[in-house]
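Undergrad: Provide a 3D model corresponding to the input given below.
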Amino acid sequence: MKIIQIIGRSNTGKTTFIANLVPALSAHGAVGVVKHLGHHGFALEPGKDTTLFYESHAAISGGIDYEKSVVIRRDNDLDSTLETLCNAGIDYAILEGFKSRPFPRVVIGDLESENIVLRNPSIEDVIAALPEFEDYYTVEGLVRELRRECDISHAGAILTFNGIVREWTGTERTEYMEFDATVDALAESLRQEIESVPGIIGARFHHRKGRLYAGDDLTYVAILAKHRQEAFAAASRAIDRLKQELHDVEL
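TA: You can find the predicted model right below:
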């Protein structure tokens, strides 16, 4: 799932730009949009059943009518919302705001910022720059992409695993580690290596970049094989290679 962050000062046209970007992106895949509401809040309609359920402290309150569904979640952090979108099969998540989160971004107006991919672009500029925006995956999202790209819906064995970051210096464990874009080359090399094994239908890797603290999920691997034993054999090879290339990974 690509994260396309749109930021700018108030009344610079961010919402209008996003409203025009959504249909253009929809030609390439499913689109989700998340807006940072800040201190304004979102007023739930008083007296409605879904509001009553939420006020009764339901973790999730939802309703479905003849054309749509509405869900109210008590989680109010961005990461849990991104996980929900990715698990649901969203290909492009547009974020309006959330300036404190350092995703590669589009700036509307003259706001100073870091990680700028485009400033005051056209819709066509954003579509052309899609590879420059950050990928975000959950294991479920990675499996969905693997099945879709291999054109298989209910065949083969899926094996997934993830790792956590650890690094020791003598007897001391470091607080965090930094990973840059070189991990993308490793992921691609691993994918090609695993897919060359007989019986493997497809493989996908996602290795997070940036500053990772001990305990953070580091690597997602999804392997689609004709038989379970082939998937386990391929996973074993992937683990050995990861340990060799990134001796800081515990799996």
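
Undergrad: which residue ranges make up the domains of this protein?
TA: 2-43+75-135, 139-250 (automatic domain parsing).

Undergrad: and these, which one is worst for confidence?
TA: Per-segment mean pLDDT for those reaches its minimum on domain 139-250, at a mean of 67.

Undergrad: would TSV of the domains of the chain with distance to Tyr66 and mean neighbour count be doable?
TA: The way it works is simple: take the backbone N, C-alpha and C, and place the C-beta from them, glycine included. TSV is the format used below for the domains of the chain (distance: least, Cβ to Cβ, whole Å; neighbours: other Cβ atoms under 10 Å):
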stretch	distance to Tyr66	mean neighbour count
domain 2-43+75-135	20	16
domain 139-250	27	16
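
Undergrad: adding distance to Lys68, write those domains out as CSV.
TA: Converted to CSV, these look like this (distance: least, Cβ to Cβ, whole Å):
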stretch, distance to Lys68
domain 2-43+75-135, 14
domain 139-250, 22
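
Undergrad: looking at those domains, which is closest to Asp49?
TA: Evaluated over those, closeness to Asp49 peaks at domain 2-43+75-135, with 16.2 Å, by Cβ to Cβ.

Undergrad: chain center to that closest one: distance?
TA: Distance of domain 2-43+75-135 from the chain centroid (Cα atoms, centre = their mean, to the nearest Å) equals 13 Å.

Undergrad: how about stretch 135-152?
TA: 11 Å.

Undergrad: with only the CA atoms kept, save that stretch in CSV.
TA: Taking Å, rounded to 0.1, in the frame of the first residue of the first chain, the C-alpha atoms of stretch 135-152 are listed here in CSV:
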residue,chain,number,x,y,z
ASP,A,135,5.2,1.5,0.9
TYR,A,136,3.3,0.3,4.0
TYR,A,137,2.4,-3.3,4.6
THR,A,138,0.9,-5.6,7.1
VAL,A,139,1.3,-9.4,6.7
GLU,A,140,-2.3,-9.6,5.5
GLY,A,141,-1.8,-6.8,3.0
LEU,A,142,1.4,-8.5,1.7
VAL,A,143,-0.5,-11.8,1.3
ARG,A,144,-3.3,-10.1,-0.6
GLU,A,145,-0.8,-8.5,-3.0
LEU,A,146,1.0,-11.8,-3.5
ARG,A,147,-2.2,-13.7,-4.3
ARG,A,148,-3.4,-10.9,-6.7
GLU,A,149,-0.2,-10.6,-8.6
CYS,A,150,0.1,-14.4,-8.9
ASP,A,151,-3.5,-14.6,-10.0
ILE,A,152,-4.3,-17.3,-7.4
